[in-house]
Every structure is written in structure tokens, then in C-alpha cells.
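S.K.: mind looking at a prediction? Sequence and model below.
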Amino acid sequence: MKDLETLKITNSEGKEIEIKVITILKNPDNTKAFLIYTFDDKAENVDIYASLIKEENDTYVLDSITEKEDWDMVQKAIKELSEE
């Protein structure tokens, strides 16, 4: 996997965690953005995660993807990325 940009996020317990950004997706009508990321990009089998990016109180929050249409789009993108 190519060198990935690192971001620091704060989890729900207030602990700071480093993540590696794989890509950011937008839905077709550009109303939602999704972060595809991993915690360890050096492992042989990399676990990939995806979250909805929401803006709240001038900060960005990662939230669960709850709509089937969004999840289908994200899963397709992850599959394409894993084939590269």
C-alpha cells in the first residue's frame, strides 16, 4: 500500500488515535462524504474501515453509515481499492 496520510482523531472516550487515510468518497449528488481508512497500513492483511463524515459545531465527526445506498457505494469502492 502506498504511503498514506495520517490523521489524528479523538474517539468517544476522548482518546487520540492515529488513522491512515486511504481515500475520501462523495456520493453522486455531493451531499455526503465518506472516509475510508485503516489503523495499520503495514500489515500483510489490512483491515479497512469506512465512516460518514459529518460537520458538527465547526468540527468533523465520523459517524456510522446507516443507509443501504451509501453502504453499497462504499463497499464497491473498497472492493475496487483492494483489487489495485
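M.R.: Thanks, I have it.

S.K.: beta partners of residue 25?
M.R.: residue 34 (DSSP bridges).

S.K.: run a quick neighbour tally on it.
M.R.: Residues near residue 25, counting by other CB atoms under 10 Å, number 18. For the C-beta atoms, the positions are set from N, CA and C on the backbone; glycine is no exception.

S.K.: which ones are touching it?
M.R.: Residue 25 makes contacts with 33, 34, 36, 73, 74, 77, as judged by CB atoms under 8 Å, 6 or more residues apart in numbering.

S.K.: if we use 10 Å, what do you get?
M.R.: If you count contacts by CB atoms under 10 Å, 6 or more residues apart in numbering, residue 25 has them with 32-36, 50, 53, 70, 73-74, 76-78.

S.K.: which of those sit farthest apart?
M.R.: 53 and 76 (18.1 Å; CB to CB).

S.K.: distance of the residue in the chain sticking out farthest from the centre relative to residue 83?
M.R.: Distance to the chain centre peaks in the chain at residue 57, reaching 20.2 Å (criterion: CA atoms, centre = their mean). When CB to CB, to the nearest Å is the yardstick, residue 57 and residue 83 sit 38 Å from each other.
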